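Enquirer: what would the 3D arrangement of this be:
(one chain, ligands or ions: 1)
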Amino acid sequence: MKKYKHMHYQINDKGYYGEFGGAYIPEMLHANIEELRTRYLSIIAQEDFQEEYKDLLSNYVGRPTPLSYARRLSAKYKSKIYLKREDLTHTGAHKINNTVGQILIAKRMGKTRIIAETGAGQHGVAAATVCALMGMKCIVYMGEVDIKRQSPNVTRMKMLGAEVRVVKSGSRTLKDATNEAIRDWINHPVDTYYIIGSVVGPHPYPDMVARFQSVISDEIQKQLKKTEGREFPDKIIACVGGGSNAAGAFYHFLDNKEVELIAVEGEGLGISSGKTAATIRTGEEGVFQGSKTLLMQDQDGQIVEPYSISAGLDYPGVGPFHAHLFKSGRGTYLVATDKEALAAAFELTKLEGIIPALESAHALAALKKIVLLPDDIVVVNLSGRGDKDLEIYSKNGNYE
Ligand SMILES: *Cc1c(COP(=O)(O)O)cnc(C)c1O
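Expert: Modelled structure (predicted):
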């Protein structure tokens, strides 16, 4: 197996990806973050941790997920297209890879109380799931607006035994929920562990979450080796909200320049409409939720409310991993509008019998935006399934 060096695109020992990352935190969080920073790598390296993590991934999450050759989609786009099937994991999206990893870290740090933030509720459900599995107390902070928009996920979390705390401050959405979770953590520094849901937040979270999601590209390597006789694709495409499924899909290919890394943001109604979640495209450097990154802000440095039809992409920041891949030129960052994503979702459903999550549909929409050669091996990371989006699909459907 070829050994890749992770020199330029991985985090450095100060917690930075190039100029992005770091840990910009209030003094009162310092002890919590230090405890995690000094321990996470050695905990992950422990043999019993690896054993338990791998056992849960195979026997609870359902890994490895298939790498499905998409025959009819390939014929249409005149290229060899594979789908990495994160939609087939327990709970229906990649987020569980991360929460399984973090709950094991929390246990080994002796923590008994778990907190999490959630926007659409997907991360909240993934966190509540592993807490039920481990018999741990779980508190999920969620904005009042999001609770109204995402009631099935609220029901799931409650059924799983989590306490959902309504956040009524600010715009009553994800960033306010995050602020409340941080406040909780400051007030409960000893017994509480904060499970963050993407490659965002202060160091070491972005690196830790990327490591847990890297199981995606690890499996792609092995699966391509079997089907194609080589362990890397020519192109790999993933959608980006905070950036965790894309980070996991890119991880083991970062230093192989033969692999084109293509990330797709939610363009919403269009870049110039102001109703967008295209953080990389429209964002500027700033500090947001603990790290230096690109984020959507106005002239006064206030966060601009993001918009995307897909709740998982509706985030005003992006992980420092992606800010750096973009700035260094290693990654190609595209955008897809709500409309383009919807069209791609209907297309995949009809051609392959797979209803994708709206987030993942943004990655599929990129097939129309890039040059595809007949010999190209292309992997699209199908981050989740579309059950949660049926209401939107039925409103926008074209069933003729
Ligand atoms: C949450 C979510 C995303 C976006 O999060 P990332 O951290 O960018 O991966 C994408 N797809 C699905 C299905 C999600 O639930």
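Enquirer: is the helix or strand harbouring Ile115 positioned near the ligand?
Expert: According to DSSP states H and E, Ile115 maps onto strand 113-118. No: contact of strand 113-118 with the ligand (Cβ under 6 Å from any ligand atom) is absent, the minimum separation being 9.4 Å. The way it works is simple: take the backbone N, C-alpha and C, and place the C-beta from them, glycine included.
Enquirer: model confidence over that strand, on average?
Expert: For strand 113-118, mean pLDDT is 97.
Enquirer: before we move on, what about stretch 42-54?
Expert: The model assigns stretch 42-54 a mean pLDDT of 98.
Enquirer: and stretch 261-272, by the same measure?
Expert: Here the average pLDDT along stretch 261-272 is 96.
Enquirer: got the buried residues for it?
Expert: Leu261, Ile262, Ala263, Val264, Glu265, Gly266, Glu267, Gly268 (16 or more other Cβ atoms under 10 Å).
Enquirer: could you do stretch 346-362 as well?
Expert: Residues of stretch 346-362 classed as buried: 346-348, 352, 354-362 (neighbour count, 16+ other Cβ under 10 Å).
Enquirer: among the residues you listed, name the ones in helices.
Expert: Members of the buried residues of stretch 346-362 lying in helices (criterion: DSSP state H): Phe346, Glu347, Leu348, Glu352, Leu358, Glu359, Ser360, Ala361, His362.
Enquirer: circling back to that earlier point, now the buried residues of stretch 346-362 as TSV including distance to Met208?
Expert: Listed next are the buried residues of stretch 346-362 as TSV, based on distance: Cβ to Cβ, whole Å:
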residue	distance to Met208
Phe346	36
Glu347	36
Leu348	32
Glu352	33
Ile354	30
Ile355	31
Pro356	27
Ala357	24
Leu358	27
Glu359	22
Ser360	23
Ala361	28
His362	25
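Enquirer: can you pull the phi/psi pair for Tyr17?
Expert: phi -100, psi 100 (degrees, to the nearest 10).
Enquirer: I'd like to know how far it sits from Thr192.
Expert: According to Cβ to Cβ, to the nearest Å, Tyr17 and Thr192 sit 27 Å apart.
Enquirer: which of the two has more neighbours?
Expert: Shown here are Tyr17 and Thr192; by other Cβ atoms under 10 Å, Tyr17 has more neighbours (29 against 20).
Enquirer: so which of the buried residues of stretch 261-272 belong to strands?
Expert: Leu261, Ile262, Ala263, Val264, Glu265, Gly266, Glu267, Gly268 (DSSP state E).
Enquirer: how about the nearest residue to the last one, chain neighbours excluded?
Expert: This means Gly268. Nearest residue to Gly268, sequence neighbours excluded (Cβ to Cβ, 6 or more residues apart in numbering): Thr276, at 4.0 Å.
Enquirer: and the stretch 301-400 of the chain, which residues reach the ligand?
Expert: Counting by Cβ under 6 Å from any ligand atom, the stretch 301-400 of the chain sits next to the ligand at Gly312, Leu313, Ala357, Glu359, Ser360, Ser383, Gly384.
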